[in-house]
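Colleague: A predicted structure for the sequence below; I have some questions about it.
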Amino acid sequence: MERSRSRSPPRYGSLEPTRWQPEDEIVSMADSTTTIDDIEGELFKIERIREILVRRESELRYMMDDIQLCKEISRLKQELQQLIALPENEKSNEERQKEEELVQQIHKLVETRDFLVDDVEFERLREREEDKEMAEFLQTPAKEKKMTSRGQQTSAPYVTKTGLTLLKECCGFTCSIM
């Protein structure tokens with residue numbers, strides 16, 4: 001024991017020796033004036049902020065996908081317009097084949113974007129329903145609060161905007177196929 005006291009304290013990258021002060025060692029939650037309700041309130045706020053950030057991340061991912069799809073559709077449309085501009089009697093079989101392939105690719109991308117729009121709409125409705133349920137939960141007195149599973153909930157989602165409108169409002173990007 002004597003030997004350990006005689007050693008100099010660790011330096012941890014500093015020029016001066018680290019000084020240990022006993023009063024800094026003990027940190028007790030019991031000494032805090034914070035109540036359980038304060039802690040629960042803080043945790044609730046943090047959870048709500050996390051949910052908002054996750055939703056925003058999801059929106060940004062949808063917007064990125066939408067922008068990439070729109071750019072690809074625009075690129076293919078330009079390529080198709082160049083082929084369509086050629087007189088029909090001057091087109092080779094290869095050019096006609098390429099024209100057909102471009103139309104199919106554009107169609108496929110438009111369908112993909114339609115699914116994306118549907119997903120955005122579904123997510124918005126789900127989030128709106130969750131917000132409504134949370135607001136109702138917070139307004140009920142503590143005695144009546146009882147969490148229910150998703151299967152027990154009977155409230156139906158409501159629609160106010162189409163997915164296309166949501167995407168337009170969401171990113172402010174006007175797609176050339178709209």
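Modeller: All right, it came through fine.
Colleague: pull out the buried positions in stretch 90-105.
Modeller: The neighbour-count check on stretch 90-105 (16 or more other C-beta atoms under 10 Å) flags 99, 102 as buried. Heads up, the C-betas are built off the backbone N, CA and C, glycines and all.
Colleague: what lies in contact with it?
Modeller: 76, 79-80, 83-84, 86 (C-beta atoms under 8 Å, 6 or more residues apart in numbering).
Colleague: between these, which is nearest residue 33?
Modeller: residue 76 (64.5 Å; C-beta to C-beta).
Colleague: the closest one - how many residues pack around it?
Modeller: Number of residues near residue 76 (other C-beta atoms under 10 Å) recorded here: 17.
Colleague: that one and residue 107 touch, don't they?
Modeller: No: if you go by C-beta atoms under 8 Å, residue 76 and residue 107 don't touch, sitting 10.0 Å apart.
Colleague: related to what we said a few turns ago, list buried residues within the contacts of stretch 90-105.
Modeller: 76, 80.
Colleague: possible to save the contacts of stretch 90-105 as a markdown table with secondary structure?
Modeller: Output for those, formatted as a markdown table (DSSP: H, G, I helix; E, B strand; the rest coil):
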| residue | secondary structure |
| --- | --- |
| 76 | helix |
| 79 | helix |
| 80 | helix |
| 83 | helix |
| 84 | helix |
| 86 | coil |
